[in-house]
Structures are given as C-alpha cells and as structure tokens.
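Student: no sequence for this one, just the structure:
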C-alpha cells in the first residue's frame, strides 16, 4: 500500500517553509506512517533551489526513522509526470529517503 501526502502551498522563503513543514505537516505524516504503509510519498510544491536541502534532510530522516516503510519525496510538476513518478515509487522496492523532481519529461528508450 502506498500513502500519499501533499503539503500544499508553502512559504517562498526556505527557512519559513522548513519551519512550516515541521510545525504544520509532521503530525499528519506521522499519523499516515502509523498506519503502516509500504511506501509514503510526500509531495512538495515547486520551489526555488534553496528549498532542496531541508526537503532532502526531512525525507531522509523520516525514511531512517520509519524503516522498513519507504519514504520518498516528490517535487510536484506536470500531473502526468507525477502519476508516472508515483507508479515508480510504488514499484521501486529498494528506493527510500530520496527527493525526486518531476519535470514532465518521460524517459525515452533509445531505438
């Protein structure tokens, strides 16, 4: 079973966004993890590059704390790309603690 949590809009400033994540979203994420999903995917809204560090740290810490549940982060993007990324997250049994950016460009196999 894969659980999905969307943070929704967050402050533009990285420090304020990090504080908001821990203050406003961590309890709900812990409740989802308590249900024992195989995978939890946290979907963050797009943001500037300075948000990447705190997001990576939060996802990695959640993954370590809640193993064997796999915890992954997605940076929201193109809806079709998010659907493909969610399917990947559900099937990638060895992947946890990672933050993935969704750009809407599917991987193409060379012919």
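Tutor: Great, that's in hand. Values in this document were obtained by computation on a predicted structure and should not be read as measured data.
Student: can we go C-alpha only for contacts and neighbour counts from here?
Tutor: Will do.
Student: For the chain, which segments count as helices?
Tutor: In the chain, the segments counted as helices under DSSP state H are 14-24, 26-34, 52-65, 79-91.
Student: Mean pLDDT for these - can I get that in JSON lines?
Tutor: JSON lines is the format used below for the helices of the chain (pLDDT from 0 to 100):
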{"stretch": "helix 14-24", "mean pLDDT": "97"}
{"stretch": "helix 26-34", "mean pLDDT": "96"}
{"stretch": "helix 52-65", "mean pLDDT": "97"}
{"stretch": "helix 79-91", "mean pLDDT": "91"}
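Student: so which of those comes closest to residue 102?
Tutor: helix 79-91 (5.9 Å; Cα to Cα).
Student: Of all the helices of the chain, which one comes closest to residue 6?
Tutor: Of these, nearest to residue 6 by Cα to Cα is helix 26-34, at 9.7 Å.
Student: Show me the residue at the heart of this structure, geometrically.
Tutor: Geometric centre of the chain, nearest residue: residue 73, 1.6 Å, by Cα atoms, centre = their mean.
Student: Which strand residues bridge that residue?
Tutor: residue 42, residue 99 (DSSP bridges).
Student: doesn't residue 95 make contact with it?
Tutor: No. The pair residue 73 / residue 95 is not scored as a contact, 11.0 Å apart, by Cα atoms under 8 Å.
Student: how much space is there between residue 89 and residue 19?
Tutor: As for residue 89, its distance to residue 19 is 26 Å (criterion: Cα to Cα, to the nearest Å).
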